[in-house]
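1. here are the coordinates; sequence isn't available:
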DNA sequence: ACTATATGAGACAATCATGTCTCGCTTTCA
DNA sequence: TGAAAGCGAGACATGATTGTCTCATATAGT
């Protein structure tokens, strides 16, 4: 059994139950528990490796995007297409103490968030997003919508090939320039009369 | 120590670390471990009670909204104002096996999702949301944005009083009628030239 | 003051996951 | 064919957590 296979199994099992035991992961991988420990001496090592591998996959996918030939909005579209399929890998361990305090993981994740912030700023600069919306909120919402998109696919509410496009459309419209009449409750009320 | 105080402490501790021990929860509540067990005979009982209490709080908050005097969009705005402050209580145990298989919890949560679906349909009917966007996706995204909003407040990225409004604006714009020029990557590219 | 009730502290057994180790078995490579 | 390496199964000790229980104390109501 390859290291990748073990990490995949760990991803599947842990995303459904973050507290799953090593035995459960080994079983999912079709491997003896001892073998799992041979590759990852401790549970913490396994989780660290899983998170780093996931972050690496995201880097790999996004670095293949020709950013110099696309608008910032198009870059975001490509990023979403790339990472929505990987969306499950992350949310489940945001609270893992082993992950939260790891400097290497924090550095890598922080860098990715920073890159996303820069992309959002670029989108504001090119006029595809509303400057009035806080960048931090846009980044947080993108994060959440990626997760929601993967989730919706997972329980069959949305087709796999549509998920990234739905998320992209939601982001672009949601943070584009406002049409006040359709977003303010007060005016919506008067419009109802 | 009141039952409510224990549930509050459990909410605080478990939302930060879903695997926290009973001793940690009791300590947070400033109470002996035995006392905690007197109120909740097993850990599972505690988690069940916490989830049900959280769902009940949402019901309570939303039922005070005068739905007959507001547009569907306004109702959504009020709902967001009510539940964004409670947002942390839920995501953390969506994977808890004790919760996932509990019929009472599933019924209550499913009903709330159904009500949200109905509200989304009503918003489509009144023209404040785009009929072309799948309701399931809208519901999933609202769910995710509520969580994102609470999260952004929690780490200081967004002011508490702005969170619900940001989420509302994002939803209303994000699922309103599209302005094709601002959402399609293809056209964005030609616009860049 | 008196009694009933709830509490905090802590001992305790049972359970469970972790991490180590050994022992055959199989595969691979020479 | 033979040696080496990796594997599955499982025994084992360890530590942490759960859930039960006791007992002394505090508090509230009468």
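-> The structure has been received and is ready for your questions. Because the structure is a prediction, the values reported are computed rather than measured. Numbers count the residues shown, from 1 in each chain, chains lettered A, B, ... in the order given.
2. please make it C-alpha for all contacts and neighbour counts, starting now.
-> OK.
3. quick check: which element contains residue A:117?
-> Assigned by DSSP states H and E, residue A:117 falls within helix A:103-125.
4. now residue A:165
-> Using DSSP H and E, residue A:165 sits within helix A:160-174.
5. is chain B within reach of that helix?
-> Yes: applying CA under 8 Å from any CA of the partner chain, one finds helix A:160-174 in contact with chain B at A:166, A:168-174.
6. so what secondary structure elements neighbour that helix?
-> Secondary-structure packing of helix A:160-174 (3 or more CA pairs under 8 Å, 6 or more residues apart in numbering or on different chains; DSSP states H and E): helix A:72-83, helix A:135-154, helix B:160-174, helix B:180-183.
7. average pLDDT for the second one?
-> Model confidence over helix A:135-154, given as mean pLDDT, is 93.
8. same check, this time on the last one
-> Helix B:180-183 shows an average pLDDT of 46 in the prediction.
9. same thing with stretch A:41-50?
-> On average, stretch A:41-50 scores 94.
10. list the buried residues for that stretch?
-> Under the neighbour-count criterion of 16 or more other CA atoms under 10 Å in any protein chain shown, stretch A:41-50 has A:46-48, A:50 buried.
11. do stretch A:95-108 as well
-> A:95-96, A:99, A:105, A:108.
12. tell me which of those is nearest to residue A:61?
-> Among the buried residues of stretch A:95-108, residue A:108 lies closest to residue A:61 (CA to CA), at 14.8 Å.
13. so how far is the helix holding residue A:117 off the chain centroid?
-> Per CA atoms, centre = their mean, to the nearest Å, the displacement of helix A:103-125 from the mean C-alpha position of its chain is 12 Å.
14. give me the below-cutoff pLDDT ranges for chain A.
-> By pLDDT under 70, the weakly predicted segments of chain A are A:1, A:90-93, A:178-193.
15. got the residues of it near DNA strand D?
-> Contacts of chain A with DNA strand D, taken as CA under 7 Å from any atom of the strand, map to A:1-2, A:30-35, A:38.
16. redo the residues you listed as CSV? Include secondary structure.
-> Below are these laid out as CSV (DSSP: H, G, I helix; E, B strand; the rest coil):
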residue, secondary structure
A:1, coil
A:2, coil
A:30, coil
A:31, coil
A:32, coil
A:33, helix
A:34, helix
A:35, helix
A:38, helix
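17. just the buried subset of the residues you listed, please.
-> Buried members of the residues of chain A next to DNA strand D, scored by 16+ other CA under 10 Å, are residue A:31.
18. would a markdown table of the residues of chain A next to DNA strand D with distance to DNA strand C be doable?
-> What follows is these, written out as a markdown table (distance: CA to the nearest atom of the strand, whole Å):
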| residue | distance to DNA strand C |
| --- | --- |
| A:1 | 11 |
| A:2 | 13 |
| A:30 | 15 |
| A:31 | 12 |
| A:32 | 9 |
| A:33 | 7 |
| A:34 | 5 |
| A:35 | 8 |
| A:38 | 8 |
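19. could you check how far the residue nearest the centre of chain A is from chain B?
-> The residue lying closest to the centre of chain A (CA atoms, centre = their mean) is residue A:87, at 4.5 Å. Counting by CA to the nearest CA, to the nearest Å, the gap from residue A:87 to chain B is 13 Å.
20. repeat for residue A:46
-> For residue A:46, the distance to chain B - CA to the nearest CA - is 18 Å.
21. same check on residue A:130?
-> Applying CA to the nearest CA to residue A:130 and chain B gives a distance of 11 Å.
22. and that residue, helix, strand or coil?
-> With three-state DSSP as the basis, the three-state label of residue A:130 is coil.
23. can you report how many residues neighbour it?
-> 21 (other CA atoms under 10 Å in any protein chain shown).
24. give me the neighbour count for residue A:110.
-> Counted with other CA under 10 Å, residue A:110 comes out at 12.
25. re earlier: and which of the buried residues of stretch A:95-108 is nearest to residue A:131?
-> residue A:108 (27.0 Å).
26. residues contacting that closest one?
-> Taking CA atoms under 8 Å, 6 or more residues apart in numbering or on different chains, we find residue A:108 in contact with residue A:55.
27. if I look at it, how far off is residue A:76?
-> Distance, residue A:108 to residue A:76, by CA to CA, to the nearest Å: 19 Å.
28. over to residue A:43?
-> 35 Å.
29. now the residue in chain A that chain B sits nearest to. Nearest residue, chain neighbours left out?
-> Here chain A gets closest to chain B at one residue, residue A:174, 3.5 Å apart by CA to the nearest CA. Computed as CA to CA, 6 or more residues apart in numbering or on different chains, the closest residue to residue A:174 that is not its neighbour in sequence is residue B:174, at 3.5 Å.
30. so what's the one you found up against?
-> Counting by CA under 8 Å, 6+ apart, residue B:174 touches A:169-175.
31. so residue A:157 sits right up against residue B:139, yeah?
-> No: in this structure residue A:157 lies outside contact range of residue B:139 using CA atoms under 8 Å: 10.2 Å.
32. out of those two, which sits in the more crowded spot?
-> residue B:139 (20 against 16).
33. distance of the residue lying closest to that one once chain neighbours are set aside from DNA strand D?
-> Of all residues beyond its chain neighbours, the one nearest residue B:139 is residue B:117 (6.4 Å), with distances taken as CA to CA, 6+ apart. To DNA strand D, residue B:117 is 36 Å away according to CA to the nearest atom of the strand, to the nearest Å.
34. likewise for residue A:88?
-> According to CA to the nearest atom of the strand, residue A:88 stands 26 Å off from DNA strand D.
35. residues near that residue, how many?
-> By other CA under 10 Å, the residues close to residue A:88 number 22.
36. skipping its backbone neighbours, what lies nearest residue A:43 in space?
-> Nearest non-adjacent residue to residue A:43, counting by CA to CA, 6+ apart: residue A:22, 7.1 Å away.
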